[in-house]
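S.K.: just need the structure, nothing else, for what follows:
(one chain, ligands or ions: 1)
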Amino acid sequence: MRDDPVSVAADAGPPQASDPDAVIDLNRVGVLRSGTALLHDVTWRVRPDERWVVLGPNGAGKTTLLNLASGRLHPTTGVVHALGERIGRTDLAELRTRIGLTTAALAERIPADERVRDVVLTAAWSVVGRWREQYDEIDEARAQGLLAQLGVVSLADRRYGTLSEGERKRTQIARALMTDPELLLLDEPAAGLDLGGREDLVARLAGLAQDSDAPALVLVTHHVEEIPPGFTHALLLREGGIVAQGVLAETVTGEYLSKTFGVPLVVDRAGGRFTARAA
Ligand SMILES: Nc1ncnc2c1ncn2[C@@H]1O[C@H](COP(=O)(O)OP(=O)(O)OP(=O)(O)O)[C@@H](O)[C@H]1O
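M.R.: Modelled structure (predicted):
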């Protein structure tokens, strides 16, 4: 299956052995809640040098997928490995420090009166809200460096609650990178941003995608316009199932996107960016 540029749901095939090199390895995974399948028969592998976008309409199961990949949720059926560790049989606290995650739910827990530098720094202790922890100079320098990389270092002494939505999103990504994770999961990082804010974020994510020292990346979005140049693969989800997955350019097509969103769509690509409109 991996050698094909694109595979569709029907290609899932029999269960496969886990791949020790994969950072995410889902094998025939299902998640059931209240008798409803949030995900069904999902087989998906992400390797360290890959940058994936996960696309799908509201309720398709994208956040559920990230919760599985980050060890925050156990599958009802099938097997999940993250960074080589089997979810359900490993120390989740240790695993979570190796995985950077940004979600709306995590962002809501950041205190509005927290200094921006501390929002990033406290990730070293896996806490939100600085209390009396002592941080090493090396941690302080790393937090400063990440704020600079995300273009918000001039805001380091501001209170988080005073930032614009775009500045908050960039601060959240700096926080997610603080522990030098091997995997970075971003759930709709461009949601709520204006055009300028979105383009700034897309450019920074493109920089990260092209950085060979950066972790494996998974970006969840509803919009093909938010796919940063340099991303390599796409997974398309609809109603908890995979519509298609594979190499980006061959997966983000009018045909597959139309099936995913349930409306006829035309997809164009120019300058490494995608646009979509009704056919
Ligand atoms: N604990 C739960 N019990 C029942 N249904 C749930 C539960 N958690 C999520 N769901 C449902 O599962 C479906 C998938 O949710 P999920 O948040 O993964 O979708 P999503 O693709 O991230 O959606 P969105 O794009 O709107 O954020 C939704 O219909 C949601 O209502």
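
S.K.: okay, residue 230 and residue 250: tell me how far apart.
M.R.: Residue 230 sits 16 Å away from residue 250, taking CB to CB, to the nearest Å as the criterion. The C-beta positions use only the backbone N, C-alpha and C, and glycine is treated the same way.

S.K.: higher neighbour count, these two?
M.R.: residue 230 (17 against 14; other CB atoms under 10 Å).

S.K.: and after whichever helix in the chain runs longest, which helix or strand comes next?
M.R.: When every helix of the chain is counted residue by residue (DSSP state H), the longest turns out to be helix 195-209. Sequence order places strand 216-221 as the next helix or strand after helix 195-209, per DSSP states H and E.

S.K.: and that next one, what does it pack against?
M.R.: The contact analysis (3 or more CB pairs under 8 Å, 6 or more residues apart in numbering; DSSP states H and E) places strand 216-221 against strand 51-55, helix 62-69, strand 183-187, helix 195-209.

S.K.: got TSV for the ones you listed, with distance to residue 34 too?
M.R.: Formatted as TSV, the helices and strands packed on strand 216-221 follow (distance: least, CB to CB, whole Å):
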stretch	distance to residue 34
strand 51-55	24
helix 62-69	13
strand 183-187	22
helix 195-209	35
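
S.K.: looking at the ones you listed, spot the one closest to residue 258.
M.R.: strand 51-55 (12.1 Å; CB to CB).

S.K.: run through who's touching that closest one.
M.R.: Here strand 51-55 makes contact (CB atoms under 8 Å, 6 or more residues apart in numbering) with 46, 62, 65-66, 209, 216-222, 224, 227-228, 230-237, 248, 252, 257, 260.

S.K.: what is the longest helix of the chain packed up against?
M.R.: helix 165-177, strand 216-221.

S.K.: please parse this protein into its domains.
M.R.: 1-98+182-279, 104-180 (automatic domain parsing).

S.K.: how far does the first one sit from the chain's center?
M.R.: Here the centre of mass of C-alpha atoms in domain 1-98+182-279, compared against the chain's by CA atoms, centre = their mean, to the nearest Å, lies 7 Å away.

S.K.: do it and the ligand come into contact?
M.R.: Yes. Shown here: domain 1-98+182-279 in contact with the ligand (CB under 6 Å from any ligand atom) through 33-34, 36, 38, 56, 58-64.

S.K.: re earlier: format the domains of the chain as a markdown table; extra columns: mean pLDDT.
M.R.: Formatted as a markdown table, these follow (pLDDT from 0 to 100):
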| stretch | mean pLDDT |
| --- | --- |
| domain 1-98+182-279 | 91 |
| domain 104-180 | 89 |
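
S.K.: number of nearby residues for residue 236?
M.R.: Neighbours of residue 236 (other CB under 10 Å): 26.

S.K.: for it, name its beta-bridge partners.
M.R.: Here residue 236 sits in beta bridges with residue 55, residue 244, going by DSSP bridges.
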